[in-house]
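>>> how does the following fold in three dimensions:
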Amino acid sequence: MDTDQDDAGLEALFAGARADPPRASDALLARVEDDARRLQPRGTPAWRGWWRLLGGLPGMGGLVTATCVGFWLGVAPPDGVPDVAGQFMDEAVSVDQTAPDLSAFGWDSEEG
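Numbering: from 1, shown residues only. Below is the predicted model:
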């Protein structure tokens with residue numbers, strides 16, 4: 001392997017290529033620009049951005065379901081759950097004393 005080669009000839013070729021770089025035709029540049037404009041995304045309405053941010057149809061379905069359940073539990077809470085709406089309206093609050101014991105099945109007494 002000869003590492004003492006003279007690179008002057010190769011450098012002369014590179015200098016010639018740098019002096020006269022190839023140029024694309026104006027017609028080609030115009031077609032590329034037209035294609036780029038055609039493929040650019042169009043401006044979308046603001047509601048589509050919110051729709052995408054909320055997760056689309058599955059996300060909106062979850063939000064609507066959670067809203068309906070929250071409203072239902074607020075208006076007609078099940079037994080054993082405090083009636084917060086009734087407390088704000090100064091109604092008498094009664095708590096069902098026969099509700100099941102939810103203290104982790106006695107395991108909480110074993111903890112130190």
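>>> any idea of the mean pLDDT in the strand or helix carrying Ala15?
In this structure, Ala15 sits in helix 8-19 according to DSSP states H and E. In this model, helix 8-19 has an average pLDDT of 88.
>>> after that helix, which helix or strand is next?
Assigned by DSSP H and E, the successor of helix 8-19 is helix 26-39.
>>> which secondary structure element of this protein has the lowest mean pLDDT?
The helix or strand of the chain with the lowest confidence, counting by mean pLDDT, DSSP states H and E, is helix 84-88 at a mean of 69.
>>> per-residue pLDDT, the residue positioned nearest the centre of the chain?
In the chain, the centroid-proximal residue (CA atoms, centre = their mean) is Leu53; its distance is 5.8 Å. We have a pLDDT of 86 for Leu53.
>>> which residues of the protein score low on pLDDT?
1-5, 83, 85-86, 90-112 (pLDDT under 70).
>>> how much space between Pro82 and Leu73?
11 Å (CB to CB, to the nearest Å). Yep, even glycine has a C-beta here, placed from its N, CA and C like the rest.
>>> one more: Gly49?
Here Gly49 is placed at a distance of 31 Å from Leu73 (CB to CB).
>>> where is the longest helix in the protein?
helix 56-75 (DSSP state H).
>>> name the helices or strands packed onto that one?
With contacts taken as 3 or more CB pairs under 8 Å, 6 or more residues apart in numbering; DSSP states H and E, helix 56-75 sits against helix 84-88.
>>> go again with 10 Å.
Applying 3 or more CB pairs under 10 Å, 6 or more residues apart in numbering; DSSP states H and E, one finds that helix 56-75 contacts helix 46-53, helix 84-88.
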